[in-house]
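J.: All I have is the shape, not the residue letters:
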């Protein structure tokens, strides 16, 4: 069993729809990251969460430490949101900032 | 522009050749790391460094060496390239400040070993 699991693996939506991507983890963590990767592109950090909720524009990320679960929501989705969304966790304890464990990624396609 | 610079962007090697993937950051971040990304496997940690002169192995270190002589640079060396090392490689730097920390990734190096 992977330490970090995302669902769904693939997600197709129509423009304007509300989207949710889920991430569950099985290890103690210091923080959880949501990353975005466009096809053939680099990786961009969207959020870092250690508790609660963060919002940036149309993106909202939440984390429940007790349940070891995080969600990434996209409101009013747009075709430019089409990308791979990756959940990653930094392991608890010590100098964990240099190392992450990643989920497999969720491929999101938003159609006009 | 400030950030993480990886070179080269593309490389083709023959089996058995050696090469170095370069990674440099100008943000004075303490922490740097190398990952490889393979279809169906996600990103996996190869090596990481918590500061100049300090490195450690990640999940898939075999066949790779690293060193960190300066804060800015963290090169990844392939000792004897194998087809199994065909992948996309990402370097990242990270910082910690007041309980918060963030990551910046390079644009990646696409390596093909034939």
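T.: Okay, I see it. In this text the structure is predicted, and so the values were computed from the model without any measurement. Numbering: from 1, shown residues only, chains lettered A, B, ... in the order given.
J.: contacts and neighbour counts: CA atoms only from here.
T.: Will do.
J.: And for residue B:50, the neighbour number?
T.: If you count neighbours by other C-alpha atoms under 10 Å in any protein chain shown, residue B:50 ends up with 23.
J.: you'd agree it is up against residue B:32?
T.: Yes - the pair residue B:50 / residue B:32 is scored as a contact, 6.7 Å apart, by C-alpha atoms under 8 Å.
J.: What residues does chain A have near chain B?
T.: Where chain A comes near chain B, counting by C-alpha under 8 Å from any C-alpha of the partner chain, the residues are A:41-45, A:48, A:95, A:97-105.
J.: Out of the residues you listed, which one has the lowest pLDDT?
T.: Lowest-confidence member of the residues of chain A next to chain B: residue A:95, scoring 53 (pLDDT).
J.: Out of the residues of chain A next to chain B, list just those in strands.
T.: A:43-45, A:48, A:101-102 (DSSP state E).
J.: burial measure for residue 28, as a count.
T.: I went with chain A, as the question did not name one. The burial count for residue A:28: 14, using other C-alpha under 10 Å.
J.: wait, I meant chain B there
T.: Residue B:28 sits with 12 neighbouring residues when counted by other C-alpha under 10 Å.
J.: Does it belong to a helix, a strand or coil?
T.: In terms of secondary structure, residue B:28 is coil; the call rests on DSSP: H, G, I helix; E, B strand; the rest coil.
J.: top of the ones in strands among the residues of chain A next to chain B by neighbour count?
T.: Looking at these with neighbours defined as other C-alpha under 10 Å, the largest count falls to residue A:102 at 26 neighbours.
J.: host element of residue B:37?
T.: Secondary structure here is read from DSSP states H and E; on that basis residue B:37 sits in strand B:31-38.
J.: what residues are up against residue A:110?
T.: Listed by C-alpha atoms under 8 Å, 6 or more residues apart in numbering or on different chains, the contact partners of residue A:110 are A:12-15, A:77-82.
J.: ok, and it, which helix or strand is that part of?
T.: Taking DSSP H and E as the definition, one finds residue A:110 inside strand A:106-111.
J.: Now do that strand, average pLDDT.
T.: 97.
J.: just stretch B:106-113 next, same as before
T.: On average, the pLDDT along stretch B:106-113 is 96.
J.: Tell me how far the residue lying closest to residue A:79 once chain neighbours are set aside lies from chain B.
T.: Counting by C-alpha to C-alpha, 6 or more residues apart in numbering or on different chains, the nearest residue to residue A:79 once its immediate chain neighbours are dropped is residue A:110, at 4.6 Å. If you measure residue A:110 against chain B using C-alpha to the nearest C-alpha, to the nearest Å, the figure is 21 Å.
J.: so what's the most centrally placed residue in chain B closest to, chain neighbours aside?
T.: In chain B, the centroid-proximal residue (C-alpha atoms, centre = their mean) is residue B:34; its distance is 2.8 Å. Take residue B:34 and drop its neighbours on the chain: the residue closest to it by C-alpha to C-alpha, 6+ apart is residue B:91, 4.5 Å away.
J.: now residue B:65
T.: Sequence neighbours aside, residue B:77 is the residue nearest to residue B:65 in space, at 5.0 Å (criterion: C-alpha to C-alpha, 6+ apart).
J.: Tell me the confidence at that neighbour?
T.: The per-residue confidence score, pLDDT, reads 98 for residue B:77.
J.: What of residue B:59?
T.: Residue B:59 is given a pLDDT of 89.
J.: and the two most separated of the contacts of residue A:110?
T.: Largest separation among these by C-alpha to C-alpha: A:12 and A:80, giving 13.0 Å.
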